[in-house]
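>>> pasting the sequence and the predicted coordinates here, then a few questions.
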Amino acid sequence: MAIEMTEEMVEHIDNNQANRKPCILATAGKDGWPSMGFRASMMVYDKNHLAFWERSNKDGLEHIQENPQVLVMYRDPEARVAFKFYGTATIHTDGDTRESVWDRTVQPEKDSDPEKKGCAIVIDISKITAYGGAMLQEK
């Protein structure tokens, strides 16, 4: 089965920054220690990929370099909506994909990286579950 994010998923993810409900990215380095952080620039890149602009260059980026398996969680308690997206992240430091993600990044995130020193991260989604773990979609 192929992954194809629903319109509801797209609506919530693409508006996470405006709705003040940022996505949470979970990573783990080669040593196995996890890290989590908010990613307000998260977007639906296409029907089976998420993407975000990485500007912090902290442990999340280092973890992705060491171990590309990631988890993105979105939750909106008022709308009673929550999703977990499991996938493999790829770092884009130059090229068309980097430019495409930058062009689609929300302005507040661009304003936080005025010299455009960050990079694009694209996540190939392999599984989507509900917050409680029920399988919604899987490759």
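Cool, the structure landed.
>>> which stretch of helix or strand covers the closest residue to Glu138 other than its chain neighbours?
Leaving out its chain neighbours, the residue that sits closest to Glu138 by CB to CB, 6 or more residues apart in numbering is Lys127, at 4.7 Å. For every residue, glycine as well, the C-beta is placed using N, CA and C. Per DSSP states H and E, Lys127 falls inside strand 119-130.
>>> quick one, strands of the protein?
With DSSP state E as the criterion, the chain has strands at 23-28, 34-39, 43-46, 49-54, 69-76, 81-92, 119-130, 135-138.
>>> between these, which one is closest to Arg104.
Arg104 lies closest to strand 43-46 among those, at 5.7 Å (CB to CB).
>>> so which elements touch that closest one?
helix 7-14, strand 49-54, helix 96-104 (3 or more CB pairs under 8 Å, 6 or more residues apart in numbering; DSSP states H and E).
>>> go again with 10 Å.
helix 7-14, strand 49-54, helix 96-104, strand 119-130 (3 or more CB pairs under 10 Å, 6 or more residues apart in numbering; DSSP states H and E).
>>> pull the residues that contact that strand.
Residues outside strand 43-46 that contact it (CB atoms under 10 Å, 6 or more residues apart in numbering) are 4-5, 9-17, 23, 49-53, 85, 97, 100-101, 104-106, 120-125.
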